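Any chance you could fold what I've pasted below:
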Amino acid sequence: MKTLTLSALTVALAGFCQASFADTLRMECPVSPGGKEYCKYIKDRFEKQTQHQLEFVEFPSGSDEKLALLQQLFAAKDGKAVDVFETDTIWIGLLDKQTLDLTEAMGSEKDKFFPGPWQNNSVNGHLKAVPGYIDTGVLFYRKDLLDKYQEQPPKTWQDLTRIATKIQAAERKEGKKNFWGLVFQGKSYEGLTCNALEWVDSYGGGTFIDEKGNITINNPKAAQALDMAQGWIGTIAPKGVLGYKEEESRSVFQNGDALFMRNWPYAYQLSQADDSPLKGKVGVTALPSGPEGNGATALGGWHWSVNGNTKNPDAAIALVKILTDDDSQKTRLKMLGHAPTRVALYDDKEVQALAPHLTMFRDIFAKAVPRPATVTKAQYPRVSNAIFNVTFSVLNGKEDGKKAVADLEKRLKRTKASDWR
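Below you'll find the predicted structure:
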């Protein structure tokens, strides 16, 4: 495995006079388009407000590779390579012991953020990251086809199944032989854990593991939710969905070959591009509810954490405050297209003018459900692996929901042993 050193990272330095600065901090700069412009904006603000200097570090774009480098850095107790960095939603518990406690500095900001990310970022009552931008699962639909067949966006999974069956059959009669009612992320990977969480929780079957660390998956409602999803395969969803991740799903939907799609908000802007066959034809709504009226959407997104070994904790906290305030989140939306995590910004006229589609997501973001990552800490990768593999075994017909939830309970108990650690 590659050894982590400063030379293994890309440090972007601007011209400066070191003598005029108190301390030098290193912050991760997003590698996505617009990242460099955004980081220059942050540098200008931070250096003006604090008299410290800011340098930038670019981590690998691949999530797994980035995590591996961070873990090497922490193992070496390196407080110089990076001070402030972005943490994936599912890393908060995993990196608990390696990140600075931000409760005292930022705890009073809690009510200004969407509740799901804030809950996700708290480990045993201690805030270990501040929400940077939010992502959740949503349901995309063809507005033109629902109008054509006099249907409304589905409120329940039962509605979705009925509407998808009806319109799929009708469209195929008109010659669209490859048209399907629904596409989603059915491949055996982290994305399937997100889908499974949404199905199970919407049915009242819980979140696999509750906030106290109790394993709750083995129940009839969870089994029913998985059986429901299995019933879609080969009927309203192609068997090929078992190999789909986000982009495969989007490709089928955006090519006009599906009525409904479960995906993340990023897909909306792409569907409205000038070269998209679906420009002006796509609607977005919350994922359907289960039989008892429950709705659920898996939380995604990235968050700002401070290296627990930083030599400049006060300056690092000042940087996090800048990164997560109103102006920075609006600037990030403008430059990178990332949805703000501060609730009040969705009423901001500048934000509404900049990204009017975000009004469709506000209520959805407010109901985001974290995956059981924070509570399971370093064992979450094994937890998720068990969840998506067992869910996949249901989707491909190897076992039914009842057997699957019992099997999953056993696997999770073996992983937990005496406690999550």
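
From here on, just use CA atoms for contacts and neighbour counts.
OK.

and the helix or strand where Lys36 lies, which residues are buried?
Using DSSP states H and E, Lys36 falls within helix 35-50. By neighbour count on 16 or more other Cα atoms under 10 Å, the buried set for helix 35-50 is 36-40, 42-43, 45-47.

Send me that helix as CSV with only the CA atoms.
Output of helix 35-50 as CSV, limited to C-alpha atoms (Å, rounded to 0.1, in the frame of the first residue of the first chain):
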residue,chain,number,x,y,z
GLY,A,35,-13.3,23.4,-6.9
LYS,A,36,-10.2,25.6,-7.5
GLU,A,37,-12.3,28.8,-7.8
TYR,A,38,-14.2,27.9,-4.7
CYS,A,39,-11.0,27.3,-2.7
LYS,A,40,-9.6,30.7,-3.9
TYR,A,41,-12.7,32.3,-2.5
ILE,A,42,-12.2,30.5,0.9
LYS,A,43,-8.5,31.4,1.0
ASP,A,44,-9.3,35.1,0.5
ARG,A,45,-11.9,35.1,3.2
PHE,A,46,-9.9,33.0,5.7
GLU,A,47,-6.6,34.9,5.3
LYS,A,48,-8.4,38.3,5.6
GLN,A,49,-10.4,37.3,8.6
THR,A,50,-7.8,35.4,10.6
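
Tell me the spacing between the residue lying closest to Pro291 once chain neighbours are set aside and Pro288.
Spatial nearest neighbour of Pro291, excluding adjacent residues (Cα to Cα, 6 or more residues apart in numbering): Tyr203 at 6.3 Å. Counting by Cα to Cα, to the nearest Å, the gap from Tyr203 to Pro288 is 10 Å.

OK, contacts around the nearest residue to Lys80 once chain neighbours are set aside?
Counting by Cα to Cα, 6+ apart, Thr310 is the residue found nearest to Lys80 once chain neighbours are left out, at 6.7 Å. The contact partners of Thr310, by Cα atoms under 8 Å, 6 or more residues apart in numbering, come to 78-80, 82-83, 316.

go on, Val200?
Val200 makes contact with 206-207, 221-223, 225-226 under the criterion Cα under 8 Å, 6+ apart.

Are we agreed that it is in a helix?
Yes. Counting by DSSP: H, G, I helix; E, B strand; the rest coil, Val200 falls inside a helix.

what's the spacing between it and Val369?
Taking Cα to Cα, one finds Val200 at 12 Å from Val369.

now the helix or strand hosting Thr331 against helix 35-50, angle please.
Remark: Thr331 resides in helix 326-336, with elements defined by DSSP H and E. If you take axes from the mean of the first three to the mean of the last three Cα atoms, to 10 degrees, helix 326-336 sits at 160 degrees to helix 35-50.

which helices and strands sit right next to helix 326-336?
Contacts defined by 3 or more Cα pairs under 8 Å, 6 or more residues apart in numbering; DSSP states H and E place helix 326-336 against helix 35-50.

in a strand, that's where the residue nearest to Lys80 is, yeah?
No. Counting by three-state DSSP, Thr310 is not part of a strand but coil.

any idea how far Ile317 is from it?
11 Å.

same check, this time on Asp144
Asp144 is 49 Å from Ile317, by Cα to Cα.

who has more neighbours, the two?
Taking other Cα atoms under 10 Å, Asp144 and Ile317 do not tie; Ile317 has more neighbours (19 against 15).

Return the backbone torsion pair for the residue nearest in space to the middle of the chain.
In the chain, the C-alpha closest to the average C-alpha coordinate belongs to Gly300, at a distance of 1.4 Å (Cα atoms, centre = their mean). Main-chain dihedrals, Gly300, degrees, to the nearest 10: phi -130, psi -170.

And for Asn195?
For Asn195, the backbone dihedrals (degrees, to the nearest 10) come out as phi -60, psi -40.

same thing with Asp400?
Backbone torsions of Asp400, given as degrees, to the nearest 10, read phi -90, psi 170.

Also Val123?
Per-residue torsions, Val123: phi -110, psi 110 (degrees, to the nearest 10).

can you count the residues close to it?
When neighbours are defined as other Cα under 10 Å, Val123 has 17 of them.

which residues are contacting the helix holding Thr331?
Contact with helix 326-336 is made by 32-35, 37-38, 42, 132-133, 322-323, 338-342, 345, 351, 354, as judged by Cα under 8 Å, 6+ apart.

hmm, try it at 10 Å
30, 32-39, 41-42, 45, 132-133, 321-324, 337-345, 348, 350-351, 354-355 (Cα atoms under 10 Å, 6 or more residues apart in numbering).

How about stretch 164-181?
Contacts for stretch 164-181 (Cα under 10 Å, 6+ apart): 141, 145-146, 148-149, 151, 154, 158-163, 182, 232, 234-238, 252-253, 256-261.

What's the first helix or strand after the helix holding Lys36?
Next element after helix 35-50 (DSSP H and E): strand 53-58.

Report all helices and strands that that next one contacts.
Counting contacts by 3 or more Cα pairs under 10 Å, 6 or more residues apart in numbering; DSSP states H and E, strand 53-58 is packed against strand 10-12, strand 24-28, helix 35-50, strand 84-88.

Can you convert these into TSV and add a column each for distance to Ala68?
Putting those into TSV (distance: least, Cα to Cα, whole Å) gives the following:
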stretch	distance to Ala68
strand 10-12	16
strand 24-28	15
helix 35-50	22
strand 84-88	12
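
which stretch in those has the least confidence?
Ranked by mean pLDDT, the helices and strands packed on strand 53-58 bottom out at strand 10-12, with a mean of 48.

picking that back up, just to check, the residue nearest to Pro291 is in contact with Glu292?
Yes. Contact status for Tyr203 versus Glu292: in contact at 6.9 Å, counting by Cα atoms under 10 Å.

the more surrounded of those two?
Using other Cα under 10 Å, the more surrounded residue of Tyr203 and Glu292 is Tyr203, with 25 against 10.

that older thread, mind listing what's buried in the helix or strand that comes right after the helix holding Thr331?
Going down the chain from helix 326-336, the next helix or strand is helix 349-354, by DSSP H and E. Buried residues in helix 349-354, counted by 16+ other Cα under 10 Å: Val351.

returning to what we had before: which residues are common contacts for Tyr203 and Pro288?
Common neighbours of Tyr203 and Pro288, using Cα under 10 Å, 6+ apart, are 157, 294-296.

Fine by me, thanks again.
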